[in-house]
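Enquirer: what follows is a predicted protein model with its sequence.
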Amino acid sequence: MDAVMLVEQIDPHGHRVLRQRFIGGGTECCVGRDISCAIVVEDEHAAPQHALLTLQEDGRVRVRDLGTRNGTRVDGNLVPADTGTVIEQGEIIVGRTRLRVRTRHTPIGQERIFRREFVRRHRTILAIAGVSACVAYGAFLQWLDAPPSMLRSILTAVLVVLGVIALWTGVWALATKLNHGSWHVRVHLTIVSIGAAICAWGYWVAGLVAFATQWSARVQTGVVIVGAAAFAALYLHLREATHYERRIVLALAGAATVVIGAVAWIIAIGVDDGNVGRVDLGPDVRLEARRVVPNRDIADYLAEVDKLKLAAGRERQKSLLNAPLADADD
Amino acid sequence: MKFARLVAALWLCGSVAGAVGQAADPAKPTQPAEAPAEGPVEVPTGPPPEEQAPAGDTIDEAAIDADIASQELSGEAQTRLDAARDAVVQIRGFFDTSESSAFHGSGFAVEDGRRIVTNYHVVAQAVLYPRQYRLEYLASDGRTGPLRVLAIDVRNDLAVVAADDLELPALKLRTEIPAQGERAWSIGFPLNLGLTITEGVANGLVENSFDQRIHYTGAINGGMSGGPALDTRGRVYGVNVSVITGRQLVGFVVPAKHIPALLARAKTPLDPSLSAQQLRLRVTGQVLAYENEVLEALPETAGTQSVRGYALPTQISKHAECSTVDEPSPHVRVRVETVSCWIPARIRVQGGVSVGGLSMQHRILQSEGLHPLQFERQVNDLAEAPARAGAAAHVAPFACRDALVSLDGFDARISTCVRQYRLFAGLYDFDVTVVGIDDTQLALVSRLTLQGVGFDSGERIVERYLGALQWTP
C-alpha cells in the first residue's frame, strides 16, 4: 500500500479551510508564502519557504524547518533545525497558521451511531405534535380561567404561543443557515416545541402529583423539570446550528440553563427571601382529587403546628443576624 | 346598621393603631416602617400652619379683643387654658446626643405635682431603646430637664414619668365618664406649635370597643398625645390618645379612671438599670396579660353561623363580632358568601406596631356550572392570600406548615404560618388558611389571622377555630 499523507489547514475557529492529500514515499510538500509551495499560506509570520514535509517510505512524515526566523512547531515543540522531526500525525504551526497532518498510522475510531437521526427522520410529525402540545397548553390555561369571551381569549393565547415559537425557531434556523447553509426549520421547530411542551405540561402534572402525594419539594421539582427541558433543547439547538465541539456545546447549554433555572426559581419562590409578609400555603388544592397520602387528624396537625415555634424562632435568629436590633447591648 | 358598627369599629382600631396614614382594617393594618411615637397624626386638611395669613395691621386690635371677650365660649377656653397652663409640659424625645427632638408629645402633672401622666406611645421609643433615646420635659416657664419613666400601662396607652427637680401645680382627676354632649377641652402641643387648647364635645364611651375610649368630637393633632382632656370644671376626665386621620374631628381619649392604678404602680418605679431586653419583656408581659383576657375569654355560647352546610365559628372568643360582608365575586360564575369576624381590640406596643388583633374570614364559594378544574382555579386564586402586612424591621419571615387534614365532616388543606416579632420574642403572628377539598362545586376558604399573640395562646385559638369548623350535609 502506498504511503499517504493528509494535510489540512485549520482556521482560528477550528474549522477546516483546506485539505490536500499526498501519495507515495518520497513525496514532498513545501509550506510557505511562496506560490511555488504546495500549500500556500496567507500569513505574514511565515517565511516564503517555511517548512518541508516529506512523506517517507514507512508512511511517516519528516517535518523540517527551512531556516526561518520564527521556526516551525510540531505539537508545540520547536522542530530542530538540522534533523527535523518524524511524526505519524500531529499539528504543525507555521507562523500563526495551523496545519493538521494525518497518515495511515493515525488510528481511526469506530463508527458512531448518529443519534439525531430520529429527530431528522420524523421531524415533520414531531414538529406538528410539539406545536400542537404547546398550542393546547395555551388554550388550556385560558379555558381554566373561564374568561367571559372564551373564543377570543383562546385565539389570543394560540397566536401568542405560535408567535413565540416562530420567533425562537427563526433565530435558530437563521444561525443554522449562516453556519451550515441550510435552514433546518422543522428540526428546530421540533426541539423548541417539544421542549416547551414538556416544561409546560410537566409543571402542571408536577402540581397534580405534588398535591396527591403531599410532596413538599414541588417548587424544586418544577424548577428541575424546566431546567432539564431547557438544557436538552438548548443542547440540541446548538449542536444543530453550530460547529462547536460537544464539550463546548455542553458548557454553553449548561451555563444558559443555570441562568434560566435561576430565573424560574426567582419567579417560583419570589426574589425577596426576607419578605416578611409571604405566606406559603402549600400545593394548590385539587377538588375531589385522588390522593396517595392519608389525611392527618387535627391533633396530629396541631403537633406539627407546635413545631412552628422552633421554626419561627429560627427565622427570627436569622433575621437578627442579618439586621441586629438597635440597643441590643445586653 | 351592623355595617355602620363595623365601620366605626374599624375606625377605632385604625385610630388606636396610631400613626397610620388612614383608617386601618384589623386584618390588614398599615404599618409604616418606623414611625416616631408622635401619637395622633396631622389631619391632612386645611393649609399648613405657616401658610395661615397673619391678621392685618389695619384691623383695630382693641375691637378684636372686645369681640373675643364677648364670646362666652372662647372666654371659657381661655380660663381653662390659664388654669391648666402650668400643669402641662411638653415631653420631647432625643436620639442619642442629638439636640433636636426625634418625637414629642404632651403630659400633665397629677397627684402631688411630681408625677406626670402621658401616653405610653409618647415614651415608647425611650422605653424600648433606653440607651438610644432620652426624654426631656419643657415646662410652661421654659424650664427643661431630663425625665425618667416610672410606670407604663401598654394596654391603656398610659405612662407615668417624673423629673427629680420638677414640681408643678397638679390637675385633678375625674374618674367618671362624662355624659354624652358634655362640653370638653383638650390641651397639648400640636405639631410643635406651642401650647394649644381645642374645644369640643365628649361623646361618651366608644361603642363596640373592648378598650375603653371616650369619643371626643374636637381637634386632636400629633403632639397633643398625652395632654389632658378637661371637663367644664377643669378636671381631667381623660388623656388625649388618638385621632382618625382623614375624617373630621373624631378624636379619642383614654378615661382617667385608669390613671390611679398606674400612679399606685409608679410608687415602685421601673428600675433605671433595667436592660432593653428586660423592658421589652415587661411590655410583652403586659400584652400577653391583656390578650389572655381579650382573646381567650370563652364565649357563653359557642356561636356558629351556618352557610350552605358549613358551620362556621363566629364567637371564637367572647369579644368577637361578626358581619356578613357583601364581597364582589372573583368570577361571574362563582358566588361568594363572606362572614367576617374580628375582635375590635388592638394595642400599640411601638411606633407602627399594633398587636392583639384577631380576624376571621369565612368564604363559601359556590360554582355555577364551572368545570371542576375551572372552579378549582378560582378557589386557589381566592385562597392565595395577599401578603400579610408587616415591616422587616419589626417581624421575622413566616415559617409555614401545610397538610391535608380531616376536619369535622370534611377534608381540608390547612396551611398555618407563624412569625415572631423581632423586638418582642414572646409575640407571634399567626396566619391559618383552610380550604375545603371535598366538593367540586362548593368550597370553603377560611382564614384566621392573629396579630402579636403569645405562641401558646395562638395555638389554643387555632385549635378552637379548627375544632369549630364543621360540615353537616
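Expert: Received the coordinates, thanks.

Enquirer: report how many residues lie close to B:Gln305.
Expert: 15 (other CB atoms under 10 Å in any protein chain shown). Quick note: C-beta positions are derived from backbone N, CA and C, even for glycine.

Enquirer: show me what contacts it?
Expert: Shown in contact with B:Gln305 (CB atoms under 8 Å, 6 or more residues apart in numbering or on different chains): B:311-312, B:314, B:322, B:324, B:339, B:362.

Enquirer: rerun at 6 Å
Expert: B:312, B:314, B:339 (CB atoms under 6 Å, 6 or more residues apart in numbering or on different chains).

Enquirer: tell me how many other residues surround the residue in the stretch 51-200 of chain B positioned nearest to chain A.
Expert: Across the stretch 51-200 of chain B, no residue is closer to chain A than B:Tyr129, which sits at 4.1 Å (CB to the nearest CB). Neighbourhood size, B:Tyr129 [other CB under 10 Å]: 21.

Enquirer: that one and A:Asp327 touch, don't they?
Expert: Yes - the pair B:Tyr129 / A:Asp327 is scored as a contact, 4.1 Å apart, by CB atoms under 6 Å.

Enquirer: so which bits of stretch B:323-331 are buried?
Expert: Across stretch B:323-331, burial judged by 16 or more other CB atoms under 10 Å in any protein chain shown covers B:323, B:329, B:331.

Enquirer: ok, now stretch A:234-249?
Expert: A:234-242, A:244, A:249.

Enquirer: nearest residue to B:His371 in space, please, no chain neighbours.
Expert: In this structure, B:His371 finds its nearest non-sequential neighbour in A:Ala146, 7.7 Å apart by CB to CB, 6 or more residues apart in numbering or on different chains.

Enquirer: so what's the residue count around the one you found?
Expert: When counting by other CB under 10 Å, one arrives at 21 neighbours for A:Ala146.

Enquirer: against B:Leu168, how distant is it?
Expert: 70 Å (CB to CB, to the nearest Å).

Enquirer: same question for A:Val219.
Expert: 63 Å.

Enquirer: higher neighbour count, these two?
Expert: B:Leu168 (24 against 16).

Enquirer: checking my notes, the more buried one in a helix, right?
Expert: No - if the criterion is DSSP: H, G, I helix; E, B strand; the rest coil, then B:Leu168 is coil and not within a helix.

Enquirer: state the distance from it to A:Ala241.
Expert: 87 Å.

Enquirer: can you give me the pLDDT of the residue in the stretch 201-350 of chain B that chain A sits nearest to?
Expert: With CB to the nearest CB, the shortest gap between the stretch 201-350 of chain B and chain A falls at B:Ser275, namely 3.6 Å. Per-residue pLDDT puts B:Ser275 at 86.

Enquirer: count of neighbours near it?
Expert: Other residues within reach of B:Ser275, judged by other CB under 10 Å, total 15.

Enquirer: would you mind listing what in the stretch 51-200 of chain A touches chain B?
Expert: By CB under 6 Å from any CB of the partner chain, the residues of the stretch 51-200 of chain A that approach chain B are A:144, A:146.

Enquirer: where exactly do the helices run in the stretch 51-200 of chain A?
Expert: Listed in chain order, the helices of the stretch 51-200 of chain A (DSSP state H, counting those that start in this stretch) span A:117-121, A:123-145, A:150-180, A:185-213.

Enquirer: need the residues that contact the lowest-mean-pLDDT helix or strand in chain A.
Expert: The weakest-scoring helix or strand in chain A, judged by mean pLDDT, DSSP states H and E, is helix A:117-121 (a mean of 79). Residues from elsewhere that reach helix A:117-121 (CB under 6 Å, 6+ apart): A:187, A:190.

Enquirer: how about stretch A:53-70?
Expert: Taking CB under 6 Å, 6+ apart as the rule, stretch A:53-70 contacts A:3, A:5, A:22, A:25, A:27-29, A:45, A:47, A:49-52, A:71-72, A:74, A:79, A:81, A:84-88, A:101, A:103-105.

Enquirer: okay, it in CSV with CA atoms only?
Expert: Written as CSV, here are the backbone C-alpha positions of stretch A:53-70 (Å, rounded to 0.1, in the frame of the first residue of the first chain):
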residue,chain,number,x,y,z
LEU,A,53,7.0,17.9,4.9
THR,A,54,8.5,14.7,3.4
LEU,A,55,6.4,11.5,3.2
GLN,A,56,8.8,8.6,4.0
GLU,A,57,8.5,5.0,2.6
ASP,A,58,7.4,3.8,6.0
GLY,A,59,4.4,6.1,5.9
ARG,A,60,5.7,8.6,8.5
VAL,A,61,6.3,12.3,7.8
ARG,A,62,9.5,14.2,8.4
VAL,A,63,9.0,17.8,9.2
ARG,A,64,11.9,20.2,8.6
ASP,A,65,12.2,23.9,9.2
LEU,A,66,13.7,25.7,6.2
GLY,A,67,15.8,28.0,8.4
THR,A,68,13.1,30.5,9.3
ARG,A,69,13.2,33.3,11.9
ASN,A,70,10.1,32.1,13.8
